[in-house]
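> Have a look; sequence and predicted model below, questions after that.
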Amino acid sequence: MKNINDAPFLKELKDTTANMYRLGYDERNGGNISRMLDEDEVAEYLDLNNVIRTIPTGFSAPELAGRIFIVTGTGKYFKNVKDDPETNLGIIRITPDGCTAELLWGFKDGGRFTSELPAHLMSHIARLSVDPSNRIIMHCHPDYTLAMTRVHEMDERAVTRTLWKMMTESIVVFPEGVGILPWMVCGTNAIGEATAEKMKKYRIVLWTLHGIYGCGKDMDEAFGLIETVEKAAKQYILTAGLPQVNTITDENLRDLAARFELDYRRDFLDL
Ligand code: 13P
Ligand code: ZN
């Protein structure tokens, strides 16, 4: 059996959490990531018959029966993952009834998966239903996106239009726009269900006055979506209140969509 410390999926999570901490997206224990793993890739490093302990998830996700995830721990700091992955991360497998997580590795100090597991697992189910290649759900608290949710009207069409008009690449990266939830109590099944509902239509979901969710087939896609939204939100916050001398028009957005052959939200344009 190979050493799990050499597993590419572990290195990827260590690098990603360190990067996100360095960018200021994940203060203290802020943020969480889950990545679905193939049984074969885990079996190279772990005995899949060795369940360390079981942890109830608090909800039922039979659609994910037998699925394995590497996930960040609740209360754990992204900045600490790199030096002590076995305490700050865990590898879990969902039981056939979908109600329990079997711990296969990690959470060494007796810890458990992120409090946002409902939003993660329900979003995995939602994304897999529209995109079977999806593997990642990622949540964080980037500054400018968060600030934007304080001062901008929180309507999906309005926020998407603003983000698209902040920089040319926005519509290319998220042509479907962004989903939005009002402020809700986090860590609950209710916010998990609401996030997953949005994830059927959007790969980005903003949680008003809290943060952002992104997803993707790999870490680059999920992170790339989040950093592009964050960059556009930064442009918005940096220029809000200043005279808008030069703007990207709705016609410009339509022309971009044509050039890049985007399947985009035409109803979000005023044409
Ligand atoms: P966890 O420490 O439980 O992952 O929670 C962090 C967070 O961002 C809650 O939304
Ligand atoms: Zn959060």
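Right, received. Where do you want to start? Ligands and ions are numbered 1, 2, ... in the order given.
> make it CA atoms for all contacts and neighbour counts henceforth
Fine.
> Output the set of residues of the chain in proximity to ligand 1.
29, 30, 31, 32, 73, 74, 75, 76, 114, 115, 116, 186 (CA under 6 Å from any ligand atom).
> would you list those residues in JSON lines and tack on neighbour count, secondary structure and pLDDT?
Shown next, in JSON lines, are those (neighbours: other CA atoms under 10 Å; DSSP: H, G, I helix; E, B strand; the rest coil; pLDDT from 0 to 100):
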{"residue": "29", "neighbour count": "18", "secondary structure": "coil", "pLDDT": "98"}
{"residue": "30", "neighbour count": "20", "secondary structure": "coil", "pLDDT": "98"}
{"residue": "31", "neighbour count": "28", "secondary structure": "coil", "pLDDT": "98"}
{"residue": "32", "neighbour count": "27", "secondary structure": "strand", "pLDDT": "98"}
{"residue": "73", "neighbour count": "29", "secondary structure": "strand", "pLDDT": "98"}
{"residue": "74", "neighbour count": "20", "secondary structure": "coil", "pLDDT": "98"}
{"residue": "75", "neighbour count": "17", "secondary structure": "coil", "pLDDT": "98"}
{"residue": "76", "neighbour count": "22", "secondary structure": "coil", "pLDDT": "98"}
{"residue": "114", "neighbour count": "23", "secondary structure": "coil", "pLDDT": "98"}
{"residue": "115", "neighbour count": "17", "secondary structure": "coil", "pLDDT": "98"}
{"residue": "116", "neighbour count": "22", "secondary structure": "coil", "pLDDT": "98"}
{"residue": "186", "neighbour count": "15", "secondary structure": "coil", "pLDDT": "98"}
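> Could you export those residues as CSV, including distance to residue 251?
Output for those, formatted as CSV (distance: CA to CA, whole Å):
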residue, distance to residue 251
29, 43
30, 39
31, 37
32, 38
73, 46
74, 46
75, 46
76, 46
114, 43
115, 43
116, 40
186, 39
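> Nearest to residue 3 among these?
Comparing these against residue 3 with CA to CA places residue 73 closest, at 21.2 Å.
> My guess is that closest one contacts residue 88. True?
Yes. The pair residue 73 / residue 88 is scored as a contact, 5.4 Å apart, by CA atoms under 8 Å.
> who touches both of these two?
Contact criterion CA atoms under 8 Å, 6 or more residues apart in numbering; residues shared by residue 73 and residue 88: residue 107.
> Please list the residues outside the biggest helix by length in the chain that contact it.
Determined from DSSP state H, the single longest helix within the chain is helix 219-239. Contacts to helix 219-239, defined as CA under 8 Å, 6+ apart, come from residues 12, 16, 136-138, 142-145, 147-148, 162-164, 166-167, 170, 173-174, 203-204, 212-216.
> what do you get for stretch 110-124?
32, 34, 55, 57, 59, 61, 64, 71-75, 87, 89-90, 107, 134-138, 186-189, 191-193, 195-197, 199.
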